[in-house]
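1. For reference, the sequence and a predicted model appear below.
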Amino acid sequence: MGVDWRELDIANPTQEHAMLREMVRSFVKEEVEPQALENDKNEKFNVDLFRKLGEYGLLGISVPEEYGGAGMDATAVAIVNEELSYSDPAFCLAYLAHAQLMVNNLAQNGSEEQKKRILPKVCSGEWIGCMAMSEPGYGTDVLGMQTNAVQRDDGQWLINGNKMWITNGVIDDKKTPADVVWLYASTGKDDSGRTQITTFLIENGMPGYSVGQKIYDKSGMRASNTAELVFDSCVVPAENVVGNPGESMLHMMRNLEIERIGLAAMALGIARRSLSAMNKYASEREAFGHQIRNFGQIQRHIGESWAEYRAIRAYVYDTAASTNLNSAGNRLDSDGVKLFATTAAKNIADRAIQVMGGYGYVGEYVVERLWRDSKLLEIGGGTLESHQKNITRDLVKNHSAIDK
Ligand SMILES: Cc1cc2nc3c(=O)[nH]c(=O)nc-3n(C[C@H](O)[C@H](O)[C@H](O)COP(=O)(O)OP(=O)(O)OC[C@H]3O[C@@H](n4cnc5c(N)ncnc54)[C@H](O)[C@@H]3O)c2cc1C
């Protein structure tokens, strides 16, 4: 006998998922929450706490167990991102850049040799990884990338170019680079003039790889590090190319789906925390002799936030349930959920500040930080406009998705 479908909680569909959520939630309460405010203020990435995520099996959440991972699915990825972001979205962004953008990508697309050599190190937290796609002059227009790689006669590759906005691209204030970079570079054009993209695994110590600058003074996500990376005649051995040269567009597309689900789940964590804060405050605070929750305008903030929070939750976990980490094919919803969840979360955080008045505007009360952090989710991993463009384009090819 199967489980009664009416009893299925889409956010905790199996006992394993529910246990994962419980474990991360208690870790967040005890270890993530107490450090969040201070590290936001000081723009400090908490490396020690990050490595602890490895001890809990979270850094390789979607990696098969034989390589040191937890072997879980897209729903598990969403759970971890939601729970971490309830307290510290910036810390979670560092987690997502490592565990989804770099580690999952390698687990899905790397060769056996690459996976055996690198995955155990990144799953344990011994190595910290990042993914470098964006450039100073090219973000949404990814095929315009200027970073290029040329294969020499001895088989090694020579890479030149700069990457920008790379989360975990630097580990500290001393410009220590990430241990491993999942780097996309152009390796020429195909017959129709389209840029061919190739993935390289860049390891710390390879000649010509360095940090250009650590980017300071971001509006939000301040407890995650962001850097410009420089590749100046960087020499990379042939065994560090992932897949066949020129064929990385598929890796990129496939991994963007889990990235977007992760970012939408981060928005969900922000939405839940903001709603919780405003709901409690509205009972505690009195004005004109009444709890402020008795005022109709406050009820509008709370009521709309509840409805939007529930809608984000349903869409995030519905999309995660139908996403297979091994294959592309869920772009419509991974774009859709990120488009909806990120702006909704930003609006909920904004309403939380409004309900909490002056207190909401102060760091100690958390929601102003969540509001600043939420803005990044409308930009990173694809801007709102790019999601609108992708969805509209996909609905031409796939009109039947609407009536399905
Ligand atoms: C804190 C932070 C962390 C990041 N982490 C990473 C990372 O780890 N790795 C990585 O590779 N990148 C990372 N990024 C980069 C991020 O993915 C890019 O900022 C994003 O893709 C947008 O690119 P851009 O900033 O170059 O803006 P642009 O692409 O130049 O866009 C500028 C504006 O033009 C709009 N626009 C562009 N093209 C179109 C179009 N065709 N139609 C309509 N509007 C359009 C955009 O939507 C936007 O509003 C990060 C960024 C930040 C701020």
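-> Sure, I can see it.

2. which parts of this protein sit against the ligand?
-> 97, 130-134, 139-141, 165-167, 218, 221, 226, 376, 379-381, 383, 385-386, 389 (Cβ under 6 Å from any ligand atom). Placement of C-beta: from N, CA and C, glycine included.

3. State the number of residues packed around the one residue in the stretch 51-200 of the chain that gets nearest to the ligand.
-> Nearest residue of the stretch 51-200 of the chain to the ligand: residue 139, at 1.9 Å (Cβ to the nearest ligand atom). For residue 139, the tally of surrounding residues (other Cβ atoms under 10 Å) stands at 18.

4. Equivalent analysis for residue 63, please.
-> Neighbours of residue 63 (other Cβ under 10 Å): 26.

5. With residue 393 instead?
-> Around residue 393 there are 13 other residues, counting by other Cβ under 10 Å.

6. Check for me that residue 235 belongs to a helix.
-> No. Per DSSP: H, G, I helix; E, B strand; the rest coil, residue 235 lies outside any helix segment and is strand.

7. Quick one: classify residue 186 as helix, strand or coil.
-> Three-state assignment for residue 186 (three-state DSSP): strand.

8. shouldn't it be in contact with residue 197?
-> Yes. Using Cβ atoms under 8 Å, residue 186 is in contact with residue 197, at 6.3 Å.

9. So these two - more neighbours on which side?
-> In terms of neighbours (other Cβ under 10 Å), residue 197 is the more surrounded of residue 186 and residue 197; the figures are 24 against 18.

10. Helix, strand or coil: sort out the more buried one for me.
-> Residue 197 - assigned by three-state DSSP - is strand.

11. contacting residues around it?
-> 143, 145, 184-187, 246, 248-249, 252 (Cβ atoms under 8 Å, 6 or more residues apart in numbering).

12. Just among these, which is most surrounded?
-> Of all the contacts of residue 197, the highest neighbour tally under other Cβ under 10 Å goes to residue 185, namely 30 neighbours.

13. give the contact list for it.
-> 145, 147-149, 159, 161, 197-198, 200, 231.

14. quick one: which two of the residues you listed are the most distant?
-> 197 and 231 (14.8 Å; Cβ to Cβ).

15. can you pull the pLDDT of residue 71?
-> pLDDT for residue 71: 97.

16. quick one on the thing from earlier: filter the residues of the chain next to the ligand to the buried ones?
-> Listed as buried from the residues of the chain next to the ligand are 97, 130-134, 139, 165-167, 218, 221, 226, 376, 380-381, 386; burial here means 16 or more other Cβ atoms under 10 Å.

17. helix or strand for the residue nearest to the spatial centre of the chain, which one?
-> Nearest to the geometric centre of the chain sits residue 96, at 3.9 Å (Cα atoms, centre = their mean). Residue 96 belongs to helix 89-96 when assigned by DSSP states H and E.

18. Just the C-alphas of that helix, formatted as CSV.
-> The C-alpha trace of helix 89-96 is given here as CSV (Å, rounded to 0.1, in the frame of the first residue of the first chain):
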residue,chain,number,x,y,z
PRO,A,89,21.3,33.9,3.1
ALA,A,90,24.9,35.1,2.6
PHE,A,91,26.4,32.0,4.2
CYS,A,92,24.0,30.0,2.1
LEU,A,93,25.1,31.7,-1.1
ALA,A,94,28.7,30.5,-0.4
TYR,A,95,27.2,27.0,0.2
LEU,A,96,25.2,27.1,-3.1
